[in-house]
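Peer 1: below: sequence and its predicted model.
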Amino acid sequence: MTIDQVSWMFCVLAAMIAFIIFFKQKNIISCSKYKRILPPGDMGLPLIGETIEFFKAQRKNRLFDDFVQPRITKYGNIFKTRLLGSPTVVVNGAEANRFFLSNEFKLVISSWPSSSVQLMGIDSIMQKQGEQHRCLRGIIASCLNSSGLEALVPKICNTVQRHLDTHWQGQDRLSLYRSAKVLTFTVVFECLLGIKVEPGMLKTFERVLEGVFAPAIRFPGSRFSRAKKARQEIEKLLVKVVREKRKEIMEKGGNKEKEEVGMLLSQLVTGMIRGDVTEKEVIDNVVLLVFAAHDTTSFAIAMTFKMLAQHSDCYSLLLQEHVDIKKNNKRAGEILTLEEVKKIKYTWQVARESMRLFPPIFGSFRKAVADIQYQGFTIPRGWKVLWTAYGTHCNEEYFEDPLSFNPNRFEESIPPYVYLPFGGGPRVCAGYQLAKLNIIIFVHYVVTRYDWSLIYPNESITMDPLPFPSHGLPIKISPKL
Ligand code: HEM
């Protein structure tokens, strides 16, 4: 065999090997492509997808009825769409909630719009993963453990009573939603954080919150620009407050810490002195906590009153519960104890049922950090996942006659990942206990001191993107004799 023939044969052999490798590779890809079945659904128009349909339904507070439910009927509990430029899979049902919420950090991470991240700050808990997330949650939880809650109850009672004396006394009508907002802001700042509310602070914070879901476009007068400016003002104020607190704690040593059980700012600043958190983390998380508590708790309060107005039998039961507590309360200033608040069970059932029908947060977005295999479908890495509270709250598989208002259904325990106004998994609401105290204590003092009625019994709910009563839930009030 000549050298030419050998090299010719070598070339043919090499070409054959390359050919086999190429086809084997292609086969693997096509096999994996074959296996990669995306969930059913319609991605809608290029780029914007079904964003318009989504927002149209959301604005009318018909996200479930007009957007989610018709797609569940057509495609099943898991379907794909495209929202705000991102391919998104909407998942529904307790099993899907469990899978996606409990796999936070492993398969998915929370995903917020750029405007929210910029306004809350990249160091807020919602942007944190792993150890940093655990550390911040630990500090928040240390103020909401049993001794923290015990210390919080009298503070909230005083704040609510002062609020009623200042904003309700002498009035015959007011916006209940607005009143709840002013109160919640004070409860978070003064009772939880231990920061005195100064005039103008609420307005500045609300300017920040208005931009949280606005497009992150900066031009003079835009919602986002106004919010950014307000955020800078808040930052200046908070830097001063944090540094003063640091000085105070350093000067008083360990004693100050003990004095201020349940005061979150002290705990955060103590963590800062230890080197566990930075000054920026303290500030970003104060802003985040106000955002997390403000519209959510106020809406839950507003819907609780709306439901009570529409269901007089429930109101009678609830009122009796508070009259009984008041009758046995001989303490000066009618301050409640944590033990008494724990006994107010029916009111919490009413609030929970109101949040089932009107969840303050309809759900939230996650981002897949790996290709996810779920129920025979692949959710590709980088896609968004949207879990919704409606998917279970309105499903008769979990709640009998789901559209009817029935607080008694909460006498039974509810299976996990079915009732989700406060989310679930590692990112379950960190302020759940505070929200509960705020709602129950506010209801207690209102119903024992005032007769009240809705001015517009059928007031509609709007979403932008969080829900709120369109006219602010105005009520007529008169002091009880
Ligand atoms: C009725 C009132 C409230 C409702 C319905 C509510 C609802 C929620 C929901 C659904 C989540 C999870 C979001 C997600 O999975 O992406 C959440 C998270 C959170 N909530 Fe609440 N919330 C309420 C009140 C509060 C209050 C009063 C505070 C504290 C002052 C608070 C602090 C937080 C924080 C810090 C997180 C983030 C937890 C984390 O990322 O680990 N919330 N809340």
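Peer 2: Perfect, thanks for sending it. On a predicted model such as this, the values are computed, not experimentally measured, just so you know.

Peer 1: I'd say L38 and F377 touch.
Peer 2: Yes - using CB atoms under 8 Å, L38 makes contact with F377 at a distance of 6.4 Å. For glycine as for every other residue, the C-beta is placed from the backbone atoms N, C-alpha and C.

Peer 1: between the two, which one's more packed in?
Peer 2: Between L38 and F377, counting by other CB atoms under 10 Å, F377 is the more crowded of the two (17 against 14).

Peer 1: ok, now which ones touch the more buried one?
Peer 2: By CB atoms under 8 Å, 6 or more residues apart in numbering, the contact set of F377 is 37-39, 78, 89.

Peer 1: before we move on, what about E95?
Peer 2: Applying CB under 8 Å, 6+ apart to E95 gives the contacts Y417.

Peer 1: my guess is it is in a strand, correct?
Peer 2: No - the assignment for E95, made by DSSP: H, G, I helix; E, B strand; the rest coil, is helix rather than a strand.

Peer 1: can you tell me what sits against stretch 180-187?
Peer 2: Under the contact criterion CB under 8 Å, 6+ apart, stretch 180-187 has outside partners 156, 159-160, 163, 167, 197, 201-202, 205, 290, 293-295, 297-298, 301-302, 434, 438, 442.

Peer 1: ok and the residue in the stretch 301-450 of the chain nearest the ligand?
Peer 2: Going by CB to the nearest ligand atom, the ligand is nearest to G431 of the stretch 301-450 of the chain, at 1.9 Å.

Peer 1: that residue reaches G148, doesn't it?
Peer 2: No - counting by CB under 8 Å, G431 stays clear of G148, with 11.9 Å between them.

Peer 1: okay, now P39: neighbour count?
Peer 2: P39 has 21 nearby residues by other CB under 10 Å.

Peer 1: just L481 next, same as before
Peer 2: As a burial measure, L481 scores 4 neighbours (other CB under 10 Å).

Peer 1: and the gap between it and the ligand?
Peer 2: L481 sits 32 Å away from the ligand, going by CB to the nearest ligand atom, to the nearest Å.

Peer 1: likewise for A180?
Peer 2: Per CB to the nearest ligand atom, A180 is found 10 Å from the ligand.

Peer 1: over to that residue. Which of the three states is it?
Peer 2: Classification of A180 using three-state DSSP returns helix.

Peer 1: try E244
Peer 2: State at E244, reduced to three classes by three-state DSSP: helix.

Peer 1: just the pLDDT for it.
Peer 2: pLDDT, E244: 96.

Peer 1: quick revisit: and for the residue of the stretch 301-450 of the chain closest to the ligand, nearest residue in space, chain neighbours not counted?
Peer 2: Excluding the flanking residues, the one nearest G431 by CB to CB, 6 or more residues apart in numbering is A293, at 5.6 Å.

Peer 1: and for T296?
Peer 2: Using CB to CB, 6+ apart, the closest residue to T296 is P360 (4.0 Å).

Peer 1: from memory the one you found sits against L466, does it?
Peer 2: Yes - P360 sits in contact with L466 when judged by CB under 8 Å, with a separation of 6.8 Å.

Peer 1: between these two, who's got more neighbours?
Peer 2: Between P360 and L466, counted using other CB under 10 Å, the more crowded position is P360 (22 against 18).

Peer 1: in three-state terms, label the more buried one for me.
Peer 2: Quick answer, by three-state DSSP: P360 is coil.

Peer 1: so for it, what's the pLDDT?
Peer 2: pLDDT, read off for P360, is 97.

Peer 1: and the protein, which residues reach the ligand?
Peer 2: Counting by CB under 6 Å from any ligand atom, the chain comes close to the ligand at 110, 125-126, 137, 188, 192, 289, 292-293, 296-297, 300, 360-361, 364, 421-423, 427, 429-431, 434-435.

Peer 1: run through the residues that contact R207.
Peer 2: Counting by CB under 8 Å, 6+ apart, R207 touches 226-227, 229-230.

Peer 1: picking that back up, so which of the residues of the chain next to the ligand belong to helices?
Peer 2: Counting by DSSP state H, the residues of the chain next to the ligand place 137, 289, 292-293, 296-297, 300, 434-435 in helices.
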